[in-house]
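K.L.:
Build me a structure from this.
(one chain, ligands or ions: 1)
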Amino acid sequence: MPTTAPTGTTTPTTTPATTGLPTATALDTARLLLGVLLPTVVKGPIIRRPWAVGLTARLDLDTKAVAIVRKVHARYPEGPLMLRLPIRKQAMVLDPGDVNTVLAQSPEPFSPASSEKKAALSHFQPSNSLISRGPVRTVRRALQEQVLDTDHPVHHLADTFVPVVEQEMQGLLTEALRTGSLPWAAFQDAWYRVVRRVVFGDHARDDKELTAMIIRLRKDGNWSFLKPVRKDTRRRFLQRIGDELAHAEPGSLAAVMAAAPKGEGAAPAEQVPQWLFAFDPAGMAVFRALTVLATHPEAMATARREIDGDTSGRRVLPYLRASILEALRLWPTTPMILRQTTRPVEWPEGVMPADCGVLVYAPYFHRDERSLRSAHNFSPERWLTDEDDGWPLVPFSDGPVVCPGKQLVLLLTSAALASLVSGHDFGVEQGQTLDPDRPLPGTMDNYSVRLGVSPRA
Ligand code: HEM
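P.N.:
Down below sits the predicted model:
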């Protein structure tokens, strides 16, 4: 019995029911743990391990993971699936309507502050909104939304930020033309300069120590509960951020944060690491989209038509924004959206207990060729129409816990792509083959990509 439509019509309530949710056998649970969870965890949930991304790509583990989920879903078509785990109550949501329900009903009763996420992020931001609950979460989320201009496609500091992106990308291109190529590592260095200037201002452009500190703490975060917190390093790191906020440079996100009104328990310094951390996947999305454009002439031509005709000063580039979204659909940087129930939740099929982990595995929905046109190809157009309306394409999550930085990310990343492709041609010198006429790979190993660069023909 299909209980939900893709638009999400299930209405979980909190009245206990007598029926149980479907529960996976021990074998199916093992299949999901080994084939889906393990590769994602080994790749590094908080900071990627390049060797593991390379291995996952070579063994095509992400494609295999989607196939495993599909087979398991076929055996338990109805309702969220409880996994058979000895130490934890854990459910997996396999129905698109149920995904919409979970995301729409976050943070209550589906809290984003799940135990493993809390343990992982506490290594560097124990009071961040994402792992907070109750009234302080509301205060912290409101502060994030205010600083990041969540509801506006063009951040009010765009006049400062877009030229920063342009300068750093042009510097990167000059160097790439000199050396003849553009490897991921060079792009990442330039992207980190953009991030430090946007977050703290021009004075932080070359402050690699700050970046190194958070990288060290994020590496620990990959181990979640399994590694003790480096409390001294964390204290020094958060102190550095506190100092930056105390002397915030005008025109930076830090300055907006410093000036914003704050409710009780806002913990402003602990909201900032999430920005530094989350700009990483934004850089990955730019480089991946660039690599796709370099190998997809039609998409490149459409992108350039948009850039050449742009009158918005690169603030509003719908096709380029859609290209970033499409790169994130194909290769989601948050493949696992995690929730934890704050109380028992009744579904039509049964009751999900309190403190139950809830997993949404985004690639299962993002790559579903039974429901999506060109599921394995690059088709930014899908983001410009309502063709996938109601289907969970959720690289930035959705609902009240949707990424509050989404619009800022799309502004900066589309401006970066525009700076890169408007005057230069790219070709893949080293890395995976991306062919517009063939399905794109399940994993994109950006670390091994080296692009050739030349002035635009
Ligand atoms: C491509 C880049 C990014 C992607 C794909 C992304 C995606 C996400 C996702 C999926 C979540 C929700 C996580 C969950 O439900 O557990 C989230 C939360 C969040 N993101 Fe992003 N993000 C990106 C970049 C950024 C940036 C650059 C910022 C800030 C400058 C940011 C700020 C936040 C914050 C503050 C939260 C927590 C929201 C809350 O507590 O309600 N993100 N992001």
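
K.L.:
what number of residues lie near Glu166?
P.N.:
18 (other Cβ atoms under 10 Å). All C-beta atoms are positioned from the backbone trio N, CA, C, and that covers glycine.

K.L.:
now do Asp386
P.N.:
7.

K.L.:
Helix or strand for it, just tell me which one.
P.N.:
For Asp386, there is no helix or strand it lies in under DSSP states H and E.

K.L.:
Quick one: the helices in the stretch 51-200 of the chain, in order.
P.N.:
61-75, 96-104, 115-121, 134-148, 158-179, 184-200 (DSSP state H, counting those that start in this stretch).

K.L.:
Arg315: which of these is closest?
P.N.:
Closest approach to Arg315 among those is made by helix 158-179 (5.3 Å; Cβ to Cβ).

K.L.:
biggest helix in the chain by residues?
P.N.:
helix 272-295 (DSSP state H).

K.L.:
What's the mean pLDDT across that one?
P.N.:
In this model, helix 272-295 has a mean pLDDT of 97.

K.L.:
Let me have the helices of the stretch 51-200 of the chain in CSV, extended by distance to the ligand and mean pLDDT.
P.N.:
Shown next, in CSV, are these (distance: least, Cβ to the nearest ligand atom, whole Å; pLDDT from 0 to 100):
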stretch, distance to the ligand, mean pLDDT
helix 61-75, 16, 98
helix 96-104, 8, 98
helix 115-121, 6, 96
helix 134-148, 4, 98
helix 158-179, 11, 97
helix 184-200, 7, 98
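
K.L.:
and of those, who's closest to Ala266?
P.N.:
helix 134-148 (5.1 Å).

K.L.:
Can you give the distance from that closest one to the centre of its chain?
P.N.:
19 Å (Cα atoms, centre = their mean, to the nearest Å).

K.L.:
One more: stretch 266-283?
P.N.:
On Cα atoms, centre = their mean, the centre of stretch 266-283 falls 12 Å from that of its chain.

K.L.:
Please enumerate the strands of the stretch 301-450 of the chain.
P.N.:
Using DSSP state E, counting those that start in this stretch, the strands found in the stretch 301-450 of the chain span residues 336-341, 345-347, 350-352, 357-361, 424-430, 450-455.

K.L.:
Which single residue of the stretch 151-300 of the chain approaches the ligand most closely?
P.N.:
Ala278 (3.2 Å; Cβ to the nearest ligand atom).

K.L.:
Write out the residues of this protein neighbouring the ligand.
P.N.:
112, 129-130, 141, 144, 148, 274-275, 278-279, 281-282, 285, 328, 333-334, 337-338, 395-397, 401, 403-405, 408-409 (Cβ under 6 Å from any ligand atom).

K.L.:
and the residue lying closest to the residue of the stretch 151-300 of the chain closest to the ligand once chain neighbours are set aside, what is it in contact with?
P.N.:
Once flanking residues are discounted, Ala278 sits nearest to Gly405: 6.2 Å by Cβ to Cβ, 6 or more residues apart in numbering. Residues near Gly405 by Cβ atoms under 8 Å, 6 or more residues apart in numbering: 144, 148, 150, 275, 278.

K.L.:
so what's Asp28 up against?
P.N.:
Neighbouring residues of Asp28 by Cβ under 8 Å, 6+ apart: 72, 75-76.

K.L.:
between those residues, which has the most around it?
P.N.:
Counting by other Cβ under 10 Å, top hit in the contacts of Asp28: Val72 with 23 neighbours.

K.L.:
Test my guess that that residue contacts Ala30.
P.N.:
No. With contact defined as Cβ atoms under 8 Å, Val72 and Ala30 do not form a contacting pair (10.8 Å).

K.L.:
next one: stretch 190-206 to chain centre, how far?
P.N.:
20 Å.

K.L.:
what number of residues lie near Arg236?
P.N.:
11.

K.L.:
Could you report the neighbour count for the residue of the stretch 151-300 of the chain closest to the ligand?
P.N.:
Ala278 has 16 nearby residues by other Cβ under 10 Å.

K.L.:
Contact partners for it?
P.N.:
By Cβ under 8 Å, 6+ apart, the neighbours of Ala278 are 403, 405, 409.

K.L.:
Comparing the helices of the stretch 51-200 of the chain, which comes out most buried?
P.N.:
Each of those was assessed for mean neighbour count using mean count of other Cβ atoms under 10 Å. The highest is helix 96-104, with a mean of 23.

K.L.:
And that helix, what does it pack against?
P.N.:
strand 357-361 (3 or more Cβ pairs under 8 Å, 6 or more residues apart in numbering; DSSP states H and E).

K.L.:
isn't Thr23 right up against Gly79?
P.N.:
No. With contacts counted by Cβ under 8 Å, Thr23 stays clear of Gly79, the gap being 10.5 Å.

K.L.:
lowest confidence element among the helices and strands of this protein?
P.N.:
helix 208-221 (a mean of 94; mean pLDDT, DSSP states H and E).
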